[in-house]
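A.B. asks: next comes the sequence, and after it the predicted model I'd like to discuss.
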Amino acid sequence: MSARPDPASPAGAAAAIAASGLPPAFPARAAWGTAKSLRAWQAAALQRYFDEDPRDFLAVATPGAGKTSFALALAQTLLTRRQIDRIIIVAPTEHLKTQWAEAAHRVNLAIDPSFGVKQGRTSRDYQGIALTYAGVAVNPLALRIRTEGFRTLVILDEVHHAGDALSWGEAVREAFEPAARRLMLTGTPFRSDTNPIPFVRYEADGAGVLRSKADYGYGYGEALADGIVRPVLFMAYSGDLHWRTSAGDEISARLGGPLTKDLASQALRTALDPQGSWIPAVLKAADTRLSEIRAHVPDAAGLVIATDQTAARAYASLLRSITGSAPTLVLSDEPQSSKKISAFTEGDARWMVAVRMVSEGVDVPRLAVGVYATSTATPLFFAQAVGRFVRARSKGETASVFVPSVPNLLLFASEMEKERDHVLRSPKEVDEADLLVEAERTESERDLPEGEFTALGSEADFDRVVFDGADFGLTTQSGSDEEMDYLGLPGLLEPDQMKDLLRRHQANHLSRAPREAATEQAPSASTHEELRALRKELNGLVAAWHHRTDLPHGVVHAQLRSSCGGPPTAIASADELRERIERIRAWAVTGRRA
């Protein structure tokens, strides 16, 4: 097997240029836009880079815009000009290291994704290495020596991670301070915290607050106008919730209603509890939406983002009951999980369930439906998560993301096009990084003392659709005809067509509302009203049995399913629910399980 040509050699440079589509010469004002493989923003960013010839360059571009291609085109050019000898790529996760190496291979660059800091050397066949930020922190001095030994280009992917912890930032600065060139990339809003990101330039605004300064920016709004990313439909779900507080009080409330911060957090956790009816109903609705999209885009896929591994396993089990097939379950950032993601990307399976590792940077272009089933609710994480669904493949594609109907998430959804800088705040102010670290704690750290909080029951209601900053739809019960109007939106529509159809649905619902209100007392209930009443009756009996036996609600539901058979309560038929109601009543009479 022949060795890969060195891009710094004439033959290697010619091969790299041919593979990338870049022009064969790179004058100070090259016509970057003529390169077939470059998008307009990438060409403009390269033009600015070589006009200014900086040592440090920060490019902020929306997820799906093509930051990797831009960075590799820049690396090829610098190698061809002999301005650098080696490349070091730093990414947030192990999977992204491999993803970078595969992308580099496609343009004839050889990057070692398995390099270990302790080994010190890599094969001469490689032009560079890929590391994680955690890997850099293991031995920054060894990397500094390596960086000094060559004219090195350092690519810091999702550079905000260098500010995740003070030790990471110090390690990145120590390791790469001698680099000949540094390219910083990010595709998500910067947070507000007290840790400056290494090599990023900060400037004071009118109020004296230091804000990051990008050398080139390309936002979601611009990418949407250029057809590079998809528009996103946010399907928001509210519902009735019931839980017990740490003081022993039982609370009933609406998701997204006027609640204190603590109660709002407990309400969201109750909705996301897999033992309730809210999350199964939302998963079923999301799968219905995915079926509609797959009628137009056969390989379209869905992703559920869970809070922790326990929830992820439970959601996977629910999806298996709903769809009849097991989803791909990604639980940790291990080689096996990376292979699972790659297999899912290349296959045609319907669903993947993950905790965090698919939330940022991972490229699965066929993802079209998402379920935001995590209690992490910061602007940074929300943008990272939604960024997994925006990559456009063909004209007319629209992404659909199902979210809990809580004020902050709806605000993030309506402000998709808003761009934020990294703001350095005083240590006394609230640090969003701390909030994100809190949300990322391990499952064992997050376990609550017995009795502090207990989810007792939940029901889901379709609330609204958020699209292009506007709200559409009237609150209606899950499973209603009105909900189906939105779940059944065509899988391929231009943004203007989508907005027009949403307006028409809203007008139809408004015109039907008076007639429906007049018939609310009709003697015969609709199917979805009957199912909801039966679920509420069953949940009430389960709660009473819990008070009698001290068995958790989930255990009682599991015992009923084991005794009577059938699927989870949220998707059980009326006859199955009636059987369970009669069974638990029989238990109450006999004082034991029959």
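C.D. replies: Okay, I see it.

A.B. asks: and Pro490, that one's in a helix?
C.D. replies: No: assessed by DSSP: H, G, I helix; E, B strand; the rest coil, Pro490 does not belong to a helix; its assignment is coil.

A.B. asks: what about it, how many residues nearby?
C.D. replies: 14 (other C-beta atoms under 10 Å). In this view, the C-beta of every residue, glycine as well, is placed from N, C-alpha and C.

A.B. asks: which one is it nearest to, not counting chain neighbours?
C.D. replies: His296 (6.7 Å; C-beta to C-beta, 6 or more residues apart in numbering).

A.B. asks: and the one you found, what is it in contact with?
C.D. replies: 490-492 (C-beta atoms under 8 Å, 6 or more residues apart in numbering).

A.B. asks: out of these, which comes closest to Ser246?
C.D. replies: Closest approach between the contacts of His296 and Ser246, by C-beta to C-beta: Gly491, at 45.1 Å.

A.B. asks: isn't that closest one right up against Asp299?
C.D. replies: No: taking contacts as C-beta atoms under 8 Å, Gly491 lies outside contact range of Asp299: 11.8 Å.

A.B. asks: please enumerate the helices of the stretch 451-594 of the chain.
C.D. replies: 481-487, 495-518, 527-549, 553-564, 574-590 (DSSP state H, counting those that start in this stretch).

A.B. asks: now the angle between helix 553-564 and the last one, please.
C.D. replies: Same thing as helix 574-590. Orientation check (axes from the mean of the first three to the mean of the last three C-alpha atoms, to 10 degrees): helix 574-590 against helix 553-564 gives 100 degrees.

A.B. asks: now the third one
C.D. replies: Here the directions of helix 527-549 and helix 553-564 differ by 110 degrees (the same axes, to 10 degrees).

A.B. asks: what is the rounded mean pLDDT of helix 527-549?
C.D. replies: Taken as a whole, helix 527-549 has an average pLDDT of 76.

A.B. asks: buried ones in that helix?
C.D. replies: 531-532, 534-535, 538-539, 541-543, 545-546 (16 or more other C-beta atoms under 10 Å).

A.B. asks: now, the most widely separated pair of those?
C.D. replies: Greatest spatial distance in the buried residues of helix 527-549: Leu531 and His546, 22.2 Å, computed using C-beta to C-beta.

A.B. asks: nearest to Arg313 among the helices of the stretch 451-594 of the chain would be which one?
C.D. replies: Of all the helices of the stretch 451-594 of the chain, helix 553-564 comes closest under C-beta to C-beta, at 13.2 Å.

A.B. asks: centre of the chain to the closest one, how far?
C.D. replies: 33 Å (C-alpha atoms, centre = their mean, to the nearest Å).

A.B. asks: buried set for that helix?
C.D. replies: In helix 553-564, counting by 16+ other C-beta under 10 Å, buried: 553-554, 556-557, 559-561, 564.

A.B. asks: pLDDT averaged over it - what is it?
C.D. replies: Helix 553-564 carries an average pLDDT of 85.

A.B. asks: mind listing residues that contact it?
C.D. replies: By C-beta under 8 Å, 6+ apart, the surrounding residues in contact with helix 553-564 are 275, 454-457, 539, 542-543, 545-546, 549, 551, 567-569, 576, 579-580, 583-584, 593-594.

A.B. asks: so how do I select the buried members of the residues you listed in PyMOL?
C.D. replies: The following PyMOL line selects those of the contacts of helix 553-564 that are buried, judged by 16+ other C-beta under 10 Å:
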select buried, resi 275+454+455+456+457+539+542+543+545+546+551+568+569+576+579+580+583+584+593
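
A.B. asks: immediately after the helix or strand hosting Ala71, which helix or strand?
C.D. replies: Per DSSP states H and E, Ala71 falls inside helix 67-80. Next helix or strand after helix 67-80 toward the C-terminus (DSSP H and E): strand 86-91.

A.B. asks: now do that next one and helix 67-80, the angle between them.
C.D. replies: Counting by the same axes, to 10 degrees, strand 86-91 lies at 170 degrees to helix 67-80.

A.B. asks: straight-line length of stretch 363-374, end to end?
C.D. replies: The straight-line separation of the ends of stretch 363-374 (C-alpha to C-alpha, to the nearest Å) is 20 Å.

A.B. asks: okay, buried residues for it please.
C.D. replies: 363-364, 366-374.

A.B. asks: JSON lines for those residues, including pLDDT and secondary structure?
C.D. replies: Compiled in JSON lines, the buried residues of stretch 363-374 are given as follows (pLDDT from 0 to 100; DSSP: H, G, I helix; E, B strand; the rest coil):
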{"residue": "Asp363", "pLDDT": "80", "secondary structure": "coil"}
{"residue": "Val364", "pLDDT": "88", "secondary structure": "coil"}
{"residue": "Arg366", "pLDDT": "93", "secondary structure": "coil"}
{"residue": "Leu367", "pLDDT": "94", "secondary structure": "strand"}
{"residue": "Ala368", "pLDDT": "94", "secondary structure": "strand"}
{"residue": "Val369", "pLDDT": "97", "secondary structure": "strand"}
{"residue": "Gly370", "pLDDT": "96", "secondary structure": "strand"}
{"residue": "Val371", "pLDDT": "97", "secondary structure": "strand"}
{"residue": "Tyr372", "pLDDT": "96", "secondary structure": "strand"}
{"residue": "Ala373", "pLDDT": "95", "secondary structure": "strand"}
{"residue": "Thr374", "pLDDT": "93", "secondary structure": "coil"}
